[in-house]
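[1] quick one, structure for this:
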Amino acid sequence: MDPIAAQQRISPSLRPSLALSGDLPAVLQHGRVVAGEVMQKLDGGSLLLGLGGHRVPAQSGVELAVGERFLARVEQLEGGGTVLKLLGARGAEAEPKLLAALRDVVGQDRPVGELLKGLAQSLRGASRDAAGGARLEGLAGEIEGHVFKPGSSGAELQNLVANAGMHYEAALLAYALKGSSGLTAGQELQALAKKLAGEAALLLGQVHGPVAPAAVGPLGEKLRRLIEGFLRTKHGKTAGRAELAAGLERVLVESAAPRARSAELQAQIARLVGDSALLEALAREGGKLSDNLKAQLLGALEELPEGSSKQSIQRALASIESEQLLNVARKEFQDAWHLSLPVPDGERWATAHLFYRENESQREGDEGEEEHSVRRLTLAVDFSRLGPLRAELGITSQDLALSITTSRDDVATRLRTDLEGLAETLTREGRRVRIAVRTGGPEDVAVDSLAQDVRWLRENHILDCEG
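    I've put the predicted structure just below:
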């Protein structure tokens, strides 16, 4: 084998073929890792690269395809010139981890309204016969709490979106990285248990004489396990917090010698538990996490025995994770972020699809000026009696423009009669409101075309159709 060729395969490189000018040298600093994309193939085996907003012609020491993205380390040569050393594996070894993750859940995604309605009905049916019927009935009630209720306030809708399951891992990470005292959740929990154990030992000492230091550590560990279990299963709500307080009191009182258990000690321990600000903070944060749909399904999956109910929950989780991964793929090329919520539709639950784009600038060169930024939302729902509806919403600091499209003339006529009241509802903070209603064809109200329009998937195929 040619050793030079072998070396090129191990450390492929690109060599920019123009003098660096403008702010390009700042992009191509020695030692910096840059992200690039092959924009075009030029004559003589050279390429046109996209680097940090610049188009740079380069000579390539490796075969690259148009549209291929890469990471490279910048190296400035002693005799002048710049070389980009490609990083990471290529070819089959470079298959994105996102692609492999999507393959595990592809085909599992179903309209969330249909999915959750079927799951809630299945759990209620199983609760009549199963030994853990109360748990199944409770989970069905929790799922029904994730359905949008007509007439809900903006704050209630915001809470519904936050708990839909899409951001569960992000919320979990945020809590793990920073709890209410600035410590990680685990450190905070341990510190709380240690603090309560120390204060309880001090109480015991004041009432019944000194407590051996060796007994404080095991007491703290017992308290930590109790609080951790509460945060995982009791949701940190008001009734649950009272249950936790009672559990803490029981552990602290039982830790005393039998002769030391007295009404005076019990009263002091109850006051100690009730005055714990850290306990209140942990209960509050734990409640935020456990109200999340994905957290509730994961908790039930851990508790329930094997059977049809557990399989239904697994399918629901796979559907949520499929949409989470597709949103990661959408982010690669700044496609619209997607969220779906169940909404009432007679005896069934329809699915409301929300698509959101990051702020855009209305005029070139005005990036960063809030008065010119526009937020764009698309909402699409297919109701059993009204048919499909699509609403396009654009919001700036001064204007709100809403365009509603339906496939039926009678629905459009009905909507136009309600425009004045709708405009009054949407008028907030002095914004001008403009609403238009029109009738369109199937392609104008289709939901699937929006949900499946993911550029990353067009460039990274989940299924190999050859063979």
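[2] helices or strands next to the strand or helix carrying R416 in the packing?
    For R416, the element it lies in under DSSP states H and E is helix 409-417. Helix 409-417 sits against strand 399-406, strand 432-439, with contacts defined as 3 or more CB pairs under 8 Å, 6 or more residues apart in numbering; DSSP states H and E. In this view, the C-beta of every residue, glycine as well, is placed from N, C-alpha and C.
[3] for L87, find the nearest of those strands.
    Comparing the helices and strands packed on helix 409-417 by their distance to L87 (CB to CB), the top pick is strand 399-406, with 44.9 Å.
[4] would you mind listing the buried residues in the closest one?
    Buried residues in strand 399-406, counted by 16 or more other CB atoms under 10 Å: 400-402, 404-406.
[5] likewise for stretch 300-310?
    300, 304, 309-310.
[6] swap in stretch 164-173?
    Neighbour-count burial for stretch 164-173, counted by 16+ other CB under 10 Å, picks out 164-168, 171.
[7] ok, stretch 420-439 next?
    433, 435, 437.
[8] remind me which residues of the stretch 201-350 of the chain are low pLDDT?
    For the stretch 201-350 of the chain, the stretches flagged by pLDDT under 70 are 204-211, 228-245, 255-266, 268-289.
[9] thinking again about what came up before, got the buried residues of strand 399-406 as TSV, with distance to A140 and pLDDT columns?
    Shown next, in TSV, are the buried residues of strand 399-406 (distance: CB to CB, whole Å; pLDDT from 0 to 100):
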residue	distance to A140	pLDDT
L400	38	91
A401	40	93
L402	36	94
I404	34	95
T405	35	96
T406	33	95
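[10] hang on, the earlier thing: pick the one among the buried residues of stretch 300-310 closest to N292.
    Proximity of the buried residues of stretch 300-310 to N292 (CB to CB) peaks at A300, which lies at 12.7 Å.
[11] now for the buried residues of stretch 164-173: which two are most distant?
    Longest span within the buried residues of stretch 164-173, CB to CB: A164 and A171, 11.5 Å.
[12] in this structure, where's the longest strand?
    strand 348-361 (DSSP state E).
[13] now do the nearest residue to A329 once chain neighbours are set aside, the pLDDT please.
    Spatial nearest neighbour of A329, excluding adjacent residues (CB to CB, 6 or more residues apart in numbering): W456 at 4.0 Å. Per-residue pLDDT puts W456 at 77.
[14] enumerate every residue touching W456.
    The contact partners of W456, by CB atoms under 8 Å, 6 or more residues apart in numbering, come to 98, 329-330, 332-333, 335.
[15] ok, back up a step: and the longest strand of the chain, what's buried?
    Neighbour-count burial for strand 348-361 flags 349-355 (criterion: 16+ other CB under 10 Å).
[16] now find how far off-centre it is within its chain.
    Remark: strand 348-361 is offset 15 Å from the chain centroid, using CA atoms, centre = their mean, to the nearest Å.
[17] could you do stretch 444-459 as well?
    20 Å.
[18] need the distance between the two termini of that stretch.
    Using CA to CA, to the nearest Å, the end-to-end distance of stretch 444-459 comes out at 25 Å.
[19] give the buried residues for it.
    Buried, per 16+ other CB under 10 Å, within stretch 444-459: 445-447, 451, 454, 456-457.
[20] who's in contact with the spatially most central residue of the chain?
    With distances taken as CA atoms, centre = their mean, the residue of the chain nearest its centroid is H167 (2.1 Å). Contacts for H167 (CB under 8 Å, 6+ apart) come out as N292.
[21] what's the spacing between it and P12?
    The gap separating H167 from P12 is 38 Å, by CB to CB, to the nearest Å.
[22] repeat for V216
    Taken as CB to CB, the span from V216 to P12 is 61 Å.
[23] returning to that earlier point: where's the residue nearest to A329, which helix or strand?
    Assigned by DSSP H and E, W456 belongs to helix 455-459.
[24] circling back to that earlier point, out of the buried residues of stretch 164-173, which comes closest to E75?
    Of all the buried residues of stretch 164-173, E75 sits closest to H167, with 39.9 Å by CB to CB.
[25] and that closest one, how far from V454?
    Counting by CB to CB - H167 and V454 are separated by 19 Å.
[26] nothing else from me, thank you.
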